[in-house]
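Visitor: using only what follows, build the 3D model:
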Amino acid sequence: MRSTTTAVLERNTVVREDFATEPYELPWAAEARFFVQALDLDGPLVFRTEISPDGLHWCPLDDVEHRIDAPGLITWAVSGFGQWLRVRCAVGPGTTGKLRIYLVGKG
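Guide: Numbering: from 1, shown residues only. Below is the predicted model:
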């Protein structure tokens, strides 16, 4: 039987500037999926998956960006990440939003 877990990385977080979520360790997971829900949003947000060997030093997983411009939900799959994951968010000029970010791991 496969194992799954869901972590809430951000809950009703108001964003006005670039940020990264807290790191989450998933060494047992074969795959993961991020869900970003914009509850309120008045401009663009761009997300990139970051990975780390130790939870301290970070690099982008790939060159793929995920963008949301209006309230709603986006998601993307992640594989080949090793152990630690987080999301970095670039906030557009003058943009504010309220977010929920979830990470689901499956192994």
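
Visitor: run a quick neighbour tally on residue 1.
Guide: Residue crowding around residue 1 was assessed by other C-beta atoms under 10 Å; the count is 3. Placement of C-beta: from N, CA and C, glycine included.

Visitor: check the gap between it and residue 106 for me.
Guide: In this view, residue 1 and residue 106 are 11 Å apart by C-beta to C-beta, to the nearest Å.

Visitor: please apply the same query to residue 78.
Guide: Distance check for residue 78 against residue 106: by C-beta to C-beta, it reads 11 Å.

Visitor: likewise residue 75?
Guide: From residue 75 over to residue 106 (counting by C-beta to C-beta), the distance is 14 Å.

Visitor: overlap in contacts of these two?
Guide: Shared between the contact lists of residue 75 and residue 106 (criterion: C-beta atoms under 8 Å, 6 or more residues apart in numbering) are residues residue 33.

Visitor: now the strands for the protein?
Guide: If you assign secondary structure with DSSP state E, the strands in the chain sit at 4-15, 19-20, 24-25, 31-41, 45-52, 59-60, 66-68, 72-79, 84-91, 97-106.

Visitor: so which elements touch the first one?
Guide: If I follow you right, that is strand 4-15. Contact here means 3 or more C-beta pairs under 8 Å, 6 or more residues apart in numbering; DSSP states H and E; on that basis strand 4-15 packs against strand 84-91, strand 97-106.
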